[in-house]
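In: fold the following.
(one chain, ligands or ions: 2)
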Amino acid sequence: MRTWSAPQVPSLPVRGPQVSMHDTSRNAVVPTTPGDEARLYVCGITPYDATHMGHAATYVAFDLLNRAWSIAGHEVHYVQNVTDVDDPLLERATKVGVLWEELALRETQLFRDDMEALRVLPPRDYIGAVESIPLVIDLIEKLRAAGSIYTVDTDLYFSVTADPAFGDVSGWTREEMLEIFGERGGDPERPGKKDPLDCVVWRGEREGEPAWDSPFGPGRPGWHIECAAIALQHLGTTFDVQGGGSDLIFPHHEMSAGEVQVAERGEAFARTYAHAGMVAYDGEKMSKSKGNLVFVSALRMSDVDPMAIRLTLLRHHYRSDWEWTDDQLWTSVDTLASWRETLALGAGAPAAPVVDAVLAAVADDLNAPAALAAIDAWFAATQAGETSDPTAAGSIRAVLDASLGLAL
Ligand code: 5CA
Ligand code: ZN
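Out: Numbers count the residues shown, from 1 in each chain. Ligands and ions are numbered 1, 2, ... in the order given. Purely as a prediction, here's the structure:
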């Protein structure tokens, strides 16, 4: 699929430190250890509705990683998918009476526009589920050869017990998995399954649903194998970071890792599994199914500066769960106005230590709130009359833009 346009990113006169990230599977902040090329996969949207603040927070979080890796001297190979055929998309299309393909195209385009407005760097490969069906079929064939696939009616299932490392991504107990599986697209109760946790990799054709030919009969890909196949094809095994929101820890990231690990005979899917916290609104997780949404596009239409949206998101550590309120946005609008006025002076408090502090904070598990605290302190000192650094504003502007994606 077509990706979106990259913003201009200023280059910095200093190189940033190596980046550490929290790894869900080890439950610890660990150094990322990329080679010259840092490989990142982040799960993309299911395009049946517009980008909300929860999505935006997750993509802005991984954008900080992308930027921090570049500033540390790596080429970043970033891959993202679009789940452009799946149950929720088909259900919404039927409900509102549009073709599912049209809904997917329209919402994916809106997402691209939102990402551009928020200055999120685009993935190198932006890949749809539909265009990946041949990859999915190849991966199922590999799993079949490994003896880890069976059928129930016309559907194909992956045996989770085929992966000795199954459970390592989430660290969850079987009981915890069983409790959540059904709520997140799984079918633990279905008769005929060998293990209630086994997941669908190929869903045989149903009346009124789209289907594609395959050696296993007409049907469509299961959700987890879509990301498994796309990541494997474009990044290979043991890539650096697999990312998404914390609602994807189980089953999604556990299952995609399991599928690749069995197909690739024990090679790890990713080195690090990183997860962003959930953004709530009106007391509950912001979600398309609950409808408690604040859309990026709706704010853009009402002339809200996208940089104020981005600043609001960055005020929260990416791993925390938090609640969106409009007050936070209006505070950010005021902050940006005051920052712009101060930057217009040119001179200010010494910038070099602030640049170092911002880069260090972001490289330490993407601590944007700590980075912004250093920025706030610089603005406070400058507004209090400190002007000893004649070119400070240019340096602050550059680090805000390159590291935090805030172009002022
Ligand atoms: N297409 C799949 C991933 S392959 C999917 O989960 N799509 S999604 O549209 O539901 O979500 C897109 C991304 O936003 C995922 O990484 C998801 O974890 C994240 N996300 C969804 N809701 C929230 C929320 N309320 N807060 C933070 N992140 C969220
Ligand atoms: Zn995914």
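In: now do the contacts for Glu183.
Out: Residues near Glu183 by C-beta atoms under 8 Å, 6 or more residues apart in numbering: none. In this view, the C-beta of every residue, glycine as well, is placed from N, C-alpha and C.
In: residues of the stretch 51-200 of the chain that sit close to ligand 1?
Out: Proximity of the stretch 51-200 of the chain to ligand 1, by C-beta under 6 Å from any ligand atom, involves residues 54-55, 57-58, 81, 83.
In: ranges for the helices of the stretch 251-400 of the chain?
Out: Applying DSSP state H, counting those that start in this stretch to the stretch 251-400 of the chain gives helices spanning 254-263, 296-301, 306-314, 326-343, 352-363, 368-383, 392-404.
In: next: the stretch 101-250 of the chain.
Out: 133-145, 174-181, 223-235.
In: could those helices go into JSON lines alongside mean pLDDT?
Out: What follows is those, written out as JSON lines (pLDDT from 0 to 100):
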{"stretch": "helix 133-145", "mean pLDDT": "98"}
{"stretch": "helix 174-181", "mean pLDDT": "97"}
{"stretch": "helix 223-235", "mean pLDDT": "98"}
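In: closest to Ala104 out of the ones you listed?
Out: helix 223-235 (13.5 Å; C-beta to C-beta).
In: follow-up on the earlier one: most tightly surrounded among the helices of the stretch 251-400 of the chain?
Out: helix 254-263 (a mean of 28; mean count of other C-beta atoms under 10 Å).
In: how much space between the residue nearest to Ala117 when sequence neighbours are not counted and Ala257?
Out: Closest residue to Ala117 apart from its sequence neighbours, by C-beta to C-beta, 6 or more residues apart in numbering: Pro306 at 4.0 Å. Going from Pro306 to Ala257 by C-beta to C-beta, to the nearest Å gives 34 Å.
In: please apply the same query to Val201.
Out: Taken as C-beta to C-beta, the span from Val201 to Ala257 is 14 Å.
In: follow-up on the earlier one: relative to Thr154, which of the helices of the stretch 101-250 of the chain is closest?
Out: The nearest among these, by C-beta to C-beta, is helix 133-145 at 13.7 Å.
In: now the closest one, how far from the chain's geometric center?
Out: Relative to its parent chain, helix 133-145 has a centroid offset of 25 Å by C-alpha atoms, centre = their mean, to the nearest Å.
In: contact partners of that helix?
Out: 129, 149, 156, 158, 162, 201-202, 212, 214-216, 220-221, 225-226, 228-230, 232-233, 259-260, 262-263.
In: ok, 10 Å please
Out: Helix 133-145 has contacts (C-beta atoms under 10 Å, 6 or more residues apart in numbering) with 85, 127, 129, 132, 148-150, 156, 158-159, 162, 201-202, 212-216, 219-222, 225-226, 228-230, 232-234, 258-260, 262-265.
In: are any of those buried, and which?
Out: Buried subset of those (neighbour count, 16 or more other C-beta atoms under 10 Å): 85, 127, 129, 132, 148-149, 156, 158-159, 162, 201-202, 212, 214, 216, 219-222, 225-226, 228-230, 232-234, 258-260, 262-264.
In: on that earlier part again, ok, and which of the contacts of helix 133-145 reach ligand 2?
Out: Applying C-beta under 5 Å from the ion, the subset of the contacts of helix 133-145 adjacent to ligand 2 is empty.
In: show me which residues of the chain sit near ligand 2.
Out: By C-beta under 5 Å from the ion, the part of the chain that sits against ligand 2 consists of 43, 227.
In: all strands for the chain, in order.
Out: 20-23, 28-31, 37-42, 75-82, 125-128, 149-152, 155-158, 199-204, 219-221, 239-245, 270-276, 279-281, 284-285, 322-323 (DSSP state E).
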